[in-house]
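Engineer: Got a predicted structure plus its sequence, pasted below:
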Protein chains: 2
Amino acid sequence: MKHIAESTVRRLSLYLRFLEEYEATGHATISSGELAESGGTTSAQVRKDLSFFGSFGKRGMGYTVRDLSIAIREILGLQRPWSVIIIGAGKIGAALAQYRGFTTRGFRVVGVYDRDPARIGTKLEGVTVRAESDLERDIAKLKPDIAVLCVPGDAAQALADRVTAAGIHAVLNFAPTPLKVPKGVALRAVNMATELEILAFGLTNDGALPVR
Amino acid sequence: MKHIAESTVRRLSLYLRFLEEYEATGHATISSGELAESGGTTSAQVRKDLSFFGSFGKRGMGYTVRDLSIAIREILGLQRPWSVIIIGAGKIGAALAQYRGFTTRGFRVVGVYDRDPARIGTKLEGVTVRAESDLERDIAKLKPDIAVLCVPGDAAQALADRVTAAGIHAVLNFAPTPLKVPKGVALRAVNMATELEILAFGLTNDGALPVR
């Protein structure tokens, strides 16, 4: 499969969210213009994004909401549930464990881990926080798909090494440090301070930041 | 000023984080190779990123850690503090209000807002949660730089309209919906479910997602 830009995948995710809301309100078809609006983009971009994956919709007729929604779920790999473990039960980790947006999209938190004895054994949304030392054994047993790292920067790489060695193929990194993962492992990073810094750059250098 | 890619700004933020750590350990100079490592990129990319903003370092001598650190802080606009208000004191909002990574980078949370009477009046890291209805008055008085939206998707656009009308020029959106803001307002979005969906796409379509 050829490379797909991250921005395309990100828009597909937005289209899907909108299609689901649109379907819930009883609409059967949708135009590329309406979809474009939902993704903050243009009709031409919508058609281009979808063209990577096949032929959808009919000229002048728009898209069937249900068909396109199913197609995008398949493209994104959301026709099946994904299991997630969260490592680090601090404030961000706990907020993520309780984030309802995950469950509604088919991401199920199957484990939360910490190294702080005061946190181990406590419950977050019905999931008991377990010891980091249990990671390898639990990964072998539960075979989770995705590990979310919510630990301090200096602890993140060692944990990424451990979970990927134990067989996890996707890592979402909330630690404020770049990670290295073996080839074939999908990696994403979210750094809240960086997001604010990009805004500070935009405020400081008027017009220097492209609109997204 | 010409447009600078978001990815460049993101890497500058990573370089800066590394330079600060490097300086703290007593190092005076750094090579582009070491900086590249910190940003998960190549020496050529480091030189290209910095070349947008001027001439730094000497051939064969590397960069002076302190000078480059000051220069990047200036480029990013971090030589001054920025004040931030958080709207929505739910789990994500509360986690952000208490996120230490913000303060260490000069972002100061000056207000937290919610519409739930049960939350109004409670304290998050010494900041009292105030009523959403106070927003306009407080923005006129405190003149905060950045608004962080941590509210449900269906409440986000109306709040973005209100804070930008009240004079805020930068919005960080954690709500799972795309926002429209007036021209001249800097906008960033973080959607945790989307990050997981991009990973699901990467796991489903082996090799389709470019490495970052």
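Structural biologist: Good, I have the coordinates. Residues are numbered from 1 along each chain as shown, chains lettered A, B, ... in the order given.
Engineer: Assign a three-state SS to the most far-flung residue of chain A relative to its centre, would you?
Structural biologist: Computed with C-alpha atoms, centre = their mean, the residue of chain A farthest from its C-alpha average is A:Gly60, at 33.2 Å. Assigned with DSSP: H, G, I helix; E, B strand; the rest coil, A:Gly60 falls in the coil class.
Engineer: which residues touch it?
Structural biologist: If a contact means C-beta atoms under 8 Å, 6 or more residues apart in numbering or on different chains, then A:Gly60 has no contacts. The way it works is simple: take the backbone N, C-alpha and C, and place the C-beta from them, glycine included.
Engineer: Mind pulling up the pLDDT for A:Gly111?
Structural biologist: We have a pLDDT of 95 for A:Gly111.
Engineer: how much space is there between it and A:Glu132?
Structural biologist: As for A:Gly111, its distance to A:Glu132 is 11 Å (criterion: C-beta to C-beta, to the nearest Å).
Engineer: Please say which of the two ends up with more neighbours.
Structural biologist: Counted by other C-beta atoms under 10 Å in any protein chain shown, A:Gly111 and A:Glu132 do not tie: A:Gly111 has more neighbours, with 22 against 18.
Engineer: Could you look up the SS state of the more buried one?
Structural biologist: strand.
Engineer: Is stretch A:85-101 in proximity to chain B?
Structural biologist: Yes: residues of stretch A:85-101 contacting chain B under C-beta under 8 Å from any C-beta of the partner chain: A:91-92, A:94-96, A:98-99, A:101.
Engineer: in that stretch, what counts as buried?
Structural biologist: A:85-99, A:101 (16 or more other C-beta atoms under 10 Å in any protein chain shown).
Engineer: show me where pLDDT drops low in chain A?
Structural biologist: Along chain A, segments meeting pLDDT under 70 span A:1-2, A:207-212.
Engineer: where along it do the strands fall?
Structural biologist: For chain A, the strands defined by DSSP state E occupy A:29-30, A:63-64, A:82-87, A:107-114, A:123-124, A:127-131, A:146-149, A:170-173, A:186-189.
Engineer: Highest mean neighbour count out of the ones you listed?
Structural biologist: strand A:146-149 (a mean of 26; mean count of other C-beta atoms under 10 Å in any protein chain shown).
Engineer: Kindly export that strand (C-alpha atoms) in PDB.
Structural biologist: The C-alpha coordinates for strand A:146-149 follow below in PDB (Å, rounded to 0.1, in the frame of the first residue of the first chain):
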ATOM      1  CA  ILE A 146      -1.800  -0.200  21.600                       C
ATOM      2  CA  ALA A 147       0.200   1.200  24.500                       C
ATOM      3  CA  VAL A 148      -0.400   4.800  25.700                       C
ATOM      4  CA  LEU A 149       2.600   6.200  27.600                       C
END
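Engineer: what domains does the record give for chain A?
Structural biologist: Residue ranges for the domains of chain A, per automatic domain parsing: A:6-75, A:82-194.
Engineer: most tightly surrounded among those?
Structural biologist: For the domains of chain A, the highest mean count by mean count of other C-beta under 10 Å goes to domain A:82-194, at a mean of 19.
Engineer: Can you read off the backbone torsions of the nearest residue to A:Asp67 once chain neighbours are set aside?
Structural biologist: Sequence neighbours aside, A:Phe56 is the residue nearest to A:Asp67 in space, at 7.4 Å (criterion: C-beta to C-beta, 6 or more residues apart in numbering or on different chains). With angles defined as degrees, to the nearest 10, A:Phe56 sits at phi -130, psi 150.
Engineer: From B:Ala71, how far out is A:Phe56?
Structural biologist: 48 Å.
Engineer: and what of A:Val9?
Structural biologist: Taken as C-beta to C-beta, the span from A:Val9 to B:Ala71 is 34 Å.
Engineer: same question, A:Ser13
Structural biologist: Here the criterion is C-beta to C-beta. By it, A:Ser13 lies 36 Å from B:Ala71.
Engineer: What of A:Pro182?
Structural biologist: 35 Å.
Engineer: repeat for A:Leu135
Structural biologist: Distance, A:Leu135 to B:Ala71, using C-beta to C-beta: 41 Å.
Engineer: So A:Thr41 sits against A:Leu12, correct?
Structural biologist: No: in this structure A:Thr41 lies outside contact range of A:Leu12 using C-beta atoms under 8 Å: 11.3 Å.
Engineer: would you turn the residues of stretch A:85-101 next to chain B into TSV with distance to A:Gly121?
Structural biologist: Shown next, in TSV, are the residues of stretch A:85-101 next to chain B (distance: C-beta to C-beta, whole Å):
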residue	distance to A:Gly121
A:Lys91	18
A:Ile92	20
A:Ala94	14
A:Ala95	20
A:Leu96	19
A:Gln98	17
A:Tyr99	22
A:Gly101	27
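Engineer: leaving aside the residues next to it on the chain, what's closest to A:Thr104?
Structural biologist: Closest residue in space to A:Thr104, ignoring its immediate chain neighbours: B:Ala193 at 7.8 Å, by C-beta to C-beta, 6+ apart.
Engineer: show me what contacts the one you found?
Structural biologist: Counting by C-beta under 8 Å, 6+ apart, B:Ala193 touches A:13, A:99, A:101-102, A:104-105, A:107, B:176.
Engineer: nearest to A:Pro81, of the residues you listed?
Structural biologist: Checking the contacts of B:Ala193 against A:Pro81 by C-beta to C-beta gives A:Phe107 as the nearest, at 7.5 Å.
Engineer: so how far is chain B from the closest one?
Structural biologist: Separation of A:Phe107 from chain B (C-beta to the nearest C-beta, to the nearest Å) stands at 5 Å.
Engineer: That residue pairs with what?
Structural biologist: Beta-bridge pairing for A:Phe107 (DSSP bridges): A:Trp82.
Engineer: What of A:Ala147?
Structural biologist: Beta-bridge partners of A:Ala147, counted by DSSP bridges, are A:Ile85, A:Val171.
Engineer: what separates it from A:Thr103, distance-wise?
Structural biologist: 18 Å.
Engineer: Tell me where chain A has helices.
Structural biologist: For chain A, the helices defined by DSSP state H occupy A:6-24, A:32-38, A:43-51, A:65-76, A:91-97, A:100-104, A:135-142, A:153-165, A:192-204.
Engineer: Can you lay out those as JSON lines showing distance to B:Pro117?
Structural biologist: Output for the helices of chain A, formatted as JSON lines (distance: least, C-beta to C-beta, whole Å):
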{"stretch": "helix A:6-24", "distance to B:Pro117": "28"}
{"stretch": "helix A:32-38", "distance to B:Pro117": "33"}
{"stretch": "helix A:43-51", "distance to B:Pro117": "41"}
{"stretch": "helix A:65-76", "distance to B:Pro117": "37"}
{"stretch": "helix A:91-97", "distance to B:Pro117": "22"}
{"stretch": "helix A:100-104", "distance to B:Pro117": "21"}
{"stretch": "helix A:135-142", "distance to B:Pro117": "41"}
{"stretch": "helix A:153-165", "distance to B:Pro117": "38"}
{"stretch": "helix A:192-204", "distance to B:Pro117": "28"}
